[in-house]
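# no sequence on hand, only this structure:
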């Protein structure tokens, strides 16, 4: 079926709620209103307040309820309205949800099957506290899986895998991808394995690695470079934790050049982690030039659209780094 990214998430939530009575949704304004971005629209009418929990504005409490209910065998899907508000759930995530399995010896009796869905990223002039890409914070927490879909197919397959997983999963949805259209398999059991990247385009001269909306920019940059005769390989990470280093290493072994692109700030980001892993591997000696990173500037996201554009990564920034690398 051909659907939008937003509808792919909506239909997957509905399918999983019908399949498993233990799956329920909770969050602010997700019921009658359908969520801040309309992702859960229509589900209230189908499942009612028993399965769609409209909650007060208290993210820390919501995360505590989600964690506790998951320990009893339920599978909560918690929506945090903006990723910026995830700062309010950090104690429950860092010290509880991500740790229970390890604190109790990894017993199969201890499972924490919960999903945290949240929109991230800039580009809509929402200002400094509603536009951040904070995945780097969570990348530092063992025990939490991090998924970032790019296409409606990704959204469907990864969300289903997240809901059926027995561990805490952070599911990041870029605000500017909600209207993206694409094909999604009709199979109600279609899943994309957690920890498996996708090669969007094959190439020989340079590897571009990214995730989420930044892949749109990478594709545009790749098409521009192809006009100059270069062959660009583009990798859609999809899973930040666990990360598919096998696909990354195989690509770099072929191209010898790599540019890492992310929407989060440069310092301490996802690109820094991948760069470090490449530098520690035997592949380092086969690189034809230094690794390049493209990311947002180390600044709060401005409210002004023109200033926001200057802070966030652009196709121009990616082209500059690629051309320096190819030179």
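Good, I have the coordinates. Keep in mind it's a predicted model, so treat the numbers as computed, not measured.

# state the number of residues packed around the nearest residue to residue 314 once chain neighbours are set aside.
Among residues not flanking residue 314 along the chain, residue 217 sits closest, at 6.9 Å (C-beta to C-beta, 6 or more residues apart in numbering). (Each C-beta comes from the backbone N, C-alpha and C, glycine too.) Using other C-beta atoms under 10 Å, residue 217 has 22 neighbouring residues.

# wouldn't residue 217 be in contact with residue 318 here?
Yes. Taking contacts as C-beta atoms under 8 Å, residue 217 lies within contact range of residue 318: 5.8 Å.

# which neighbours do those two share?
residue 261 (C-beta atoms under 8 Å, 6 or more residues apart in numbering).

# what's the weakest-modelled helix or strand in this protein?
Counting by mean pLDDT, DSSP states H and E, the chain has its least confident helix or strand at helix 100-103, which shows a mean of 90.

# what residues sit buried inside that one?
100, 101 (16 or more other C-beta atoms under 10 Å).

# for the following helix or strand past it, what is the average pLDDT?
For helix 100-103, the following helix or strand on the C-terminal side (DSSP states H and E) is strand 115-120. Averaged across strand 115-120, the pLDDT comes to 98.

# who are the packing partners of the helix or strand hosting the residue nearest to residue 314?
Residue 217 belongs to helix 214-226 when elements are defined using DSSP H and E. Counting contacts by 3 or more C-beta pairs under 8 Å, 6 or more residues apart in numbering; DSSP states H and E, helix 214-226 is packed against strand 198-201, strand 206-210, strand 232-236, strand 258-265, helix 315-326.

# endpoints of stretch 119-127, how far apart?
End-to-end distance of stretch 119-127: 14 Å, with C-alpha to C-alpha, to the nearest Å as the criterion.

# contact partners of that stretch?
36-37, 81-83, 131-135, 172-176, 178, 212-213, 263, 296, 301-305, 308, 311-312.

# give me the buried entries from these.
36-37, 81-83, 131-135, 172-176, 178, 212-213, 263, 296, 301-302, 308, 311-312.
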